[in-house]
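mind folding the following:
(chains A and B)
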Amino acid sequence: MIAKRPLSLTVNGRDYQRDVEPRRLLTDLLREDLGLTGTHVGCEHGVCGACTVLLDGASARACLCLAVQADGREITTVEGMGDIGALSLLQEKFKKHHALQCGFCTPGMLATAHEILADGAPLADADIREALSGNLCRCTGYEHIVRAVSEALAESISGRVQPNAG
Amino acid sequence: MKPPAFDYAAPETIAEAVQLLAAHPGEAKLIAGGQSLMPMLNFRLLDPALLVDISRARGLDDIKTNANGVMVGAGVRHHALMRSNDVAQRLPIIAHTMQYVAHMAIRNRGTIGGSLAHGDPAAELPLLAVLLDADLHITGPAGDRTARAADFFLAPLTTDLGEDEILTAVAFANQPTDGGWGFEEIARRSGDFALAGAGAVLTIQHGVIADVRLAMMGVDETPRRLPGVEAMLLGRAWDANARATVTRQVRELINPMSDLQASADYRRHLAGVVAGRALDTAWNRAQPQ
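Numbering: from 1, shown residues only, chains lettered A, B, ... in the order given. This next block holds a predicted model:
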């Protein structure tokens, strides 16, 4: 029997302490141990992007990160990217442009899009497609997603609206 | 799936990590960014008794420059190498080629040393190391040693690295400032492993190729240069004849595999295409102003 390890991390601004097996994936820590089921689990080998979260502000696959590797780090999940009463800029644009249908890929899409906005570089639609290429959507919603991210990025850069998470 | 059970250690120094590897012969695996190892663990292709996590070990995450070139610590993330101004100025082929490595979230976590030590024959970092004749700095119980990239990759996912050794850095020499470079790859989707890829660097004197290297990836057991093609090109201008000869010779010299992504024949075809394109770009970039 392998001993559990003490783990302390910050998720969406709140501090958590847990004891976890070394093999515990960050996805399972978030979903099973912390009850944050907004982070979705698709392929569990880094291909689909559904589990993408922000790890110290940079997008990362939670299924390719051990929970113990996140010790002392700051995680942002979709639960920390705005809420129903106060949508983030990206969420507003996703809503406006119908950039989600079933919603399975959306938490990962938002995490990636947050990094694009935080990076702040102006991107052509082709570059946005490239940046989103690690997130699969099976509702064929890419056109709308690119439109939403493009408009959010333009507004974020022009300074009319600040991204409110990430 | 979920990874099998393993014990875990996160040493703060490379010396401790070497000791842990030496104390668990055949049973320990190194992890850093985990972007290749974690899928293998989740698929249960591996079942190590101990994971030695060097992502918190000191001294692995610097990009250092000196008169000779750039030394990249094994713990440097792909993203950092791609965005490094020093690298972009001295070795633009590296900055350019890094954008082909997987996706943003993978580049944020994956490390340079991890990619080299993993040794995927279709990966960009091993190709760059072979093309640019990089030196790999390795440490182990017996001390430090240096391996040439050309001698490091032995077979798919198999390198010269011993079970108790750690790759600590890769040193790339400066390239001639008047030289040209090109990198081309074809993948089924953006960020997928390449079906075929080629890198080329060359210099021109008196209107002909004075020095040239051509390396291929994804079309053989390891990334490799093609010395016969390089020798054929010396002293020639890059014209339609040279291009046709390169395309034919590349297809003859490689040994691609068939898999679910592409047949060997298709890879052979693509290899000739990307080699021609990489040399096109290198020749055009090297033209005197």
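
B:A271 versus the residue in chain A that chain B sits nearest to, what's the distance?
In chain A, the residue that lies nearest chain B is A:G134 (2.7 Å; CB to the nearest CB). From N, CA and C alone the C-beta is placed, and that goes for glycine too. Shown here: A:G134 relative to B:A271, a distance of 26 Å by CB to CB, to the nearest Å.

ok, these two, which is more surrounded?
B:A271 (27 against 23; other CB atoms under 10 Å in any protein chain shown).

thought that one was touching B:V250?
Yes: B:A271 lies in contact with B:V250 (CB atoms under 8 Å); the separation is 5.3 Å.

got a list of what B:N66 touches?
With CB atoms under 8 Å, 6 or more residues apart in numbering or on different chains as the criterion, no residue contacts B:N66.

give me the spatial nearest neighbour of the residue positioned nearest the centre of chain A, chain neighbours excluded.
For chain A, the residue nearest the mean C-alpha position is A:A111 (2.6 Å; CA atoms, centre = their mean). The shortest distance from A:A111 to any residue that is not its chain neighbour, by CB to CB, 6 or more residues apart in numbering or on different chains, is 4.3 Å, and that residue is A:T52.

what residues does chain A put near chain B?
For chain A, the contact set with chain B under CB under 8 Å from any CB of the partner chain comprises A:2, A:5, A:21-23, A:25, A:28, A:44-46, A:49, A:52, A:55, A:58-61, A:63-66, A:68-69, A:111-112, A:115, A:129-131, A:133-134.

please, a PyMOL command that selects the buried ones among the residues you listed?
Restricted to buried positions by 16 or more other CB atoms under 10 Å in any protein chain shown, the PyMOL selection for these reads:
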select buried, chain A and resi 5+21+22+23+25+28+44+45+46+49+52+55+58+59+60+61+63+64+65+66+68+69+111+112+115+129+130+131+133+134
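
pLDDT value on A:T140, please?
In this prediction, A:T140 carries a pLDDT score of 75.

swap in the one 3 residues further on?
pLDDT recorded at A:E143 is 96.

where does chain A dip in pLDDT?
For chain A, the stretches flagged by pLDDT under 70 are A:160-166.

can you give me the strands in it?
Across chain A, reading from the start of the chain, the strands by DSSP state E fall at A:5-11, A:14-20, A:52-55, A:58-61, A:74-76.

buried ones in the second one, by neighbour count?
When you say that, I think you mean strand A:14-20. Residues of strand A:14-20 classed as buried under the neighbour-count rule (16+ other CB under 10 Å) are A:16, A:20.

thinking again about what came up before, where does the residue nearest to the residue of chain A closest to chain B when sequence neighbours are not counted sit relative to B:D192, distance-wise?
Excluding its sequence neighbours, the residue lying closest to A:G134 (CB to CB, 6+ apart) is B:H103, at 2.7 Å. When distances are taken as CB to CB, B:H103 and B:D192 turn out to be 10 Å apart.

returning to what we had before: give me the common contacts of B:A271 and B:V250.
Both B:A271 and B:V250 are contacted by B:198, B:216, under the criterion CB under 8 Å, 6+ apart.

most proximal residue of chain B with respect to chain A?
Distance from chain A to each residue of chain B (CB to the nearest CB) is smallest for B:H103, at 2.7 Å.

run a quick neighbour tally on that residue.
24.

the one 10 residues further on now?
Neighbouring residues of B:G113 were enumerated by other CB under 10 Å; the total is 28.

list the contacts of it.
B:32, B:60, B:73-76, B:167-170.

thought B:H24 was touching B:V18?
No: with contact defined as CB under 8 Å, B:H24 and B:V18 do not form a contacting pair (11.4 Å).

buried ones in stretch B:130-138?
B:130-132, B:134-138.

what about that stretch, start to end distance?
Here the two ends of stretch B:130-138 are set 16 Å apart, with distance taken as CA to CA, to the nearest Å.

equivalent analysis for stretch A:117-132, please.
Termini of stretch A:117-132 sit 12 Å apart (CA to CA).

what's in contact with that stretch?
Around stretch A:117-132, the neighbours that count as contacts under CB under 8 Å, 6+ apart are A:57, A:89-90, A:109, A:112-113, A:116, A:142, A:145-146, A:149-150, A:152-154, A:156-157, A:163, A:166, B:104, B:190.

now do 6 Å
A:112, A:116, A:146, A:149-150, A:153, A:156-157, A:163, A:166, B:104, B:190 (CB atoms under 6 Å, 6 or more residues apart in numbering or on different chains).

what of stretch A:3-22?
Residues from elsewhere that reach stretch A:3-22, judged by CB under 6 Å, 6+ apart: A:33, A:67-68, A:70-71, A:73-76, A:79-80, B:8.

how about 8 Å then?
With contacts defined as CB under 8 Å, 6+ apart, stretch A:3-22 is touched by A:2, A:29-30, A:33-34, A:36, A:66-68, A:70-77, A:79-80, B:5-8, B:51.

for stretch B:132-152, same thing?
By CB under 8 Å, 6+ apart, the residues outside stretch B:132-152 that reach it are B:14, B:18, B:22, B:71, B:91, B:93-94, B:116, B:119, B:126, B:128-130, B:159-162, B:164-173, B:175, B:201, B:213, B:225.

now do stretch A:145-160
Outside stretch A:145-160, the residues within contact range by CB under 8 Å, 6+ apart are A:89-90, A:92-94, A:96-97, A:99-100, A:109, A:113, A:116-117, A:120, A:122-123, A:125, A:128-129, A:132, A:137, A:161-163.
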